[in-house]
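S.K.: Attaching a predicted model along with its sequence, questions to come.
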Amino acid sequence: MKVCKFGGASVNSVERIQNLATILSSEQKTDDQLVVIISAMGKTTNSLERVTTAFYEGKKEEALHLFELIKQQHLTTSKYLLVTQFNECLSYLTDFFTEVEWLLHDKPVREFDYYYDQIVCIGELLSTCIVSHYLIEKGIPNQWMDVRDLLRTDNNFREGNIDWEYTSQKIKSAINTDTIYITQGFIGATEDNESTTLGREGSDYTAAVFANILQAESLTIWKDVMGVMNADPKQFPEASLLSELSYTEVIEMAFYGAQVIHPKTIKPLQNQQIPLFVKCFTDPELPGTIIHQHSSKQLPPILVIKNNQVMMHLRSLDFSFVGDSLLQKLYALFTTHSIKPNLIQTGAINVQICMDEYAEKIDHIAAAASNWFDVQLEKQLHLITIRHYTPEILDTMTAGKKQVLIQQTKEIFQMVYTA
């Protein structure tokens, strides 16, 4: 048993879906039982987010127009890929389209996050439906599954928490023959059959959940990069491949903002000691990266840059020490607004906090914190984290930057700066 996951970039064109079929044919030669998790095509999730926003703002006609564009994109892809399977695929697609259109004709009466999940989840259902029928047309038998029938979550919309006991029972009973199973990442459902999502980029996490429950031999995540790199190659063309990493190293990288692996993906694999392969779908012959329990040694500097950062400067109003009680109040504010600080530095009467720029949430936090602190916000900042740094890389990466805040340990260097 193996699990494979394909991201949106691997199914964003007719040619790439055809390439996916070639990869799966090769994978099936080494294992008759495959579970394949597939994301929404390309930027479909972003487009569906715009549909949701327009609907929630009462712009029904705009929402319907934006959704019509998504419909036509998927219908066009189906027409190019399918001949004998087109009509059957169209029947499924029409049901999914109708699921959203019925909702868009109503008026919103619940919170935004609820409607977000009901609308955005359609992207994965559309992509997997098309891929499944294309594989059948190419002589690759498979079983399509609606993951909402298997993966149970609570009703914490947009960040659903998995009911592991129920989900384990359903997945084990559903995966019982030697074939390719095609299903969706990122989404689940509550016990009331309302769609939920697991957080952006949650498809990697879905794949890890399946691998854990099925005690898979391995999980392979197919991406549009050579493997895990020591920096984002779009920002650093000289970035190099990390051929081998430990679970711990990847968790650290994800914590500091590296985008290659979803932060929640590693633990389900680590618990079962399932190796994770990150491979390039445009060149499957490349070795990629293996992530497992063995320690990583002699790693090069690993660089992560987070843009669109805000620094909140706080000073106690009466010049009293910043003690546990004030910090607890701050942490409670962050929890309430679902904000994770990226860096915190405390002094006797000062606290400095760097976080992603969610304007409305940060304004609410700043307003509430002003009851205890003098609050100043500094925006349009960047945060660089360097693991396993060297003097040479520090000189290079700090040159020409106005430093706002620095934290440094033996292994990790972090700097908030303006360009």
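M.R.: Yes, it's here. None of the values given here were measured: they were computed from a predicted structure.
S.K.: any chance you could map the helices in the stretch 1-150 of the chain?
M.R.: With DSSP state H, counting those that start in this stretch as the criterion, the stretch 1-150 of the chain has helices at 14-30, 44-56, 60-81, 86-104, 112-120, 122-137.
S.K.: from memory residue 354 sits against residue 313, does it?
M.R.: No: at 10.3 Å, residue 354 does not count as touching residue 313 under the criterion of Cβ atoms under 8 Å. Using the backbone N, CA and C atoms, a C-beta is placed for each residue, glycine as well.
S.K.: For those two, indicate the residue with more neighbours.
M.R.: The neighbour count for residue 354 versus residue 313, taken as other Cβ atoms under 10 Å, is higher for residue 354 (23 against 16).
S.K.: Excluding covalently adjacent residues, which one is nearest to the more buried one?
M.R.: residue 343 (4.1 Å; Cβ to Cβ, 6 or more residues apart in numbering).
S.K.: Find the nearest non-adjacent residue to the residue positioned nearest the centre of the chain, please.
M.R.: Nearest to the geometric centre of the chain sits residue 201, at 1.4 Å (Cα atoms, centre = their mean). Nearest non-adjacent residue to residue 201, counting by Cβ to Cβ, 6+ apart: residue 262, 4.7 Å away.
S.K.: neighbours around the one you found, how many?
M.R.: Neighbour count of residue 262, defined by other Cβ under 10 Å: 22.
S.K.: How about residue 109?
M.R.: Neighbours of residue 109 under the rule other Cβ under 10 Å: 7.
S.K.: pLDDT score for it?
M.R.: As predicted, residue 109 sits at a pLDDT of 95.
S.K.: sorry, back to before: quickly compare the helices of the stretch 1-150 of the chain and say which is most buried.
M.R.: helix 122-137 (a mean of 24; mean count of other Cβ atoms under 10 Å).
S.K.: Save the helices of the stretch 1-150 of the chain as a markdown table, and put in distance to residue 150 too.
M.R.: Output for these, formatted as a markdown table (distance: least, Cβ to Cβ, whole Å):
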| stretch | distance to residue 150 |
| --- | --- |
| helix 14-30 | 20 |
| helix 44-56 | 21 |
| helix 60-81 | 23 |
| helix 86-104 | 17 |
| helix 112-120 | 16 |
| helix 122-137 | 13 |
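S.K.: between the ones you listed, which one is nearest to residue 391?
M.R.: helix 44-56 (40.7 Å; Cβ to Cβ).
S.K.: Who are the contact partners of the nearest residue to residue 358 once chain neighbours are set aside?
M.R.: Of all residues beyond its chain neighbours, the one nearest residue 358 is residue 339 (6.5 Å), with distances taken as Cβ to Cβ, 6+ apart. When contacts are counted by Cβ atoms under 8 Å, 6 or more residues apart in numbering, residue 339 is found next to 355, 356, 358, 361, 362, 365.
S.K.: change it to 10 Å
M.R.: 310, 333, 353, 355, 356, 358, 361, 362, 364, 365 (Cβ atoms under 10 Å, 6 or more residues apart in numbering).
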